[in-house]
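A.B. asks: Fold the following for me, if possible:
(one chain, ligands or ions: 1)
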Amino acid sequence: MADIDDGPTVRLVAHCRRCRGWLLSPRSVAQGIGPTCAMRERAEQRAAEAAAAAPTLVLFELPADNSEDGQPRDLLDLLDLAS
Ligand SMILES: [Zn+2]
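C.D. replies: Numbers count the residues shown, from 1 in each chain. The predicted model follows:
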């Protein structure tokens with residue numbers, strides 16, 4: 001009677017790790033994620049990679065290069081002028 005309940009319960013992951021929905025196909029169970037969520041996850045991953053690859057947005061305009069009016073721009077220029 002109780003022989004089924006005896007022993008440790010070993011179960012494959014049958015819930016989607018993303019939406020907690022039931023996974024129906026053995027392949028989804030093996031991957032731990034449903035096909036729809038897998039698709040969304042891939043899309044998100046691509047978006048994240050694209051964002052990482054995109055050039056960093058400049059939030060602040062750097063002051064314009066003022067070397068035209070002969071002003072030293074940094075310490076190296078100052079040292080160069082002093083020597
Ligand atoms: Zn899902």
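A.B. asks: for the longest helix along the chain, what is the average pLDDT?
C.D. replies: In terms of residue count, the longest helix belonging to the chain (DSSP state H) is helix 35-53. Mean per-residue pLDDT for helix 35-53: 94.
A.B. asks: same check, this time on stretch 22-31
C.D. replies: For stretch 22-31, the mean confidence score works out to 92.
A.B. asks: likewise stretch 74-83?
C.D. replies: Summarised as a single mean, pLDDT over stretch 74-83 is 67.
A.B. asks: Also stretch 6-15?
C.D. replies: Per-residue pLDDT over stretch 6-15 has a mean of 69.
A.B. asks: Helix or strand: which one has D77?
C.D. replies: helix 75-82 (DSSP states H and E).
A.B. asks: How about A30?
C.D. replies: helix 26-31.
A.B. asks: Output the set of residues of the protein in proximity to the ion.
C.D. replies: Applying CB under 5 Å from the ion, one finds that the chain approaches the ion through C16, R18, C19, G21, G34, C37. Yep, even glycine has a C-beta here, placed from its N, CA and C like the rest.
A.B. asks: List only buried entries from these.
C.D. replies: A residue is treated as buried here by neighbour count (16 or more other CB atoms under 10 Å); on that basis the buried members of these are C16, G34, C37.
A.B. asks: Alpha carbons only: can I get the longest helix of the chain in CSV?
C.D. replies: Provided in CSV are the C-alpha atoms of helix 35-53 (Å, rounded to 0.1, in the frame of the first residue of the first chain):
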residue,chain,number,x,y,z
PRO,A,35,10.0,26.8,-24.6
THR,A,36,8.3,30.2,-24.4
CYS,A,37,10.4,31.2,-21.5
ALA,A,38,13.6,29.8,-23.1
MET,A,39,12.8,32.0,-26.1
ARG,A,40,12.3,35.0,-23.9
GLU,A,41,15.4,34.3,-21.9
ARG,A,42,17.5,34.1,-25.1
ALA,A,43,16.0,37.3,-26.3
GLU,A,44,16.8,39.0,-23.0
GLN,A,45,20.3,37.6,-23.1
ARG,A,46,20.8,39.0,-26.6
ALA,A,47,19.5,42.3,-25.5
ALA,A,48,21.9,42.3,-22.5
GLU,A,49,24.8,41.4,-24.7
ALA,A,50,23.9,44.1,-27.1
ALA,A,51,23.7,46.6,-24.3
ALA,A,52,27.1,45.5,-23.0
ALA,A,53,28.6,45.7,-26.5
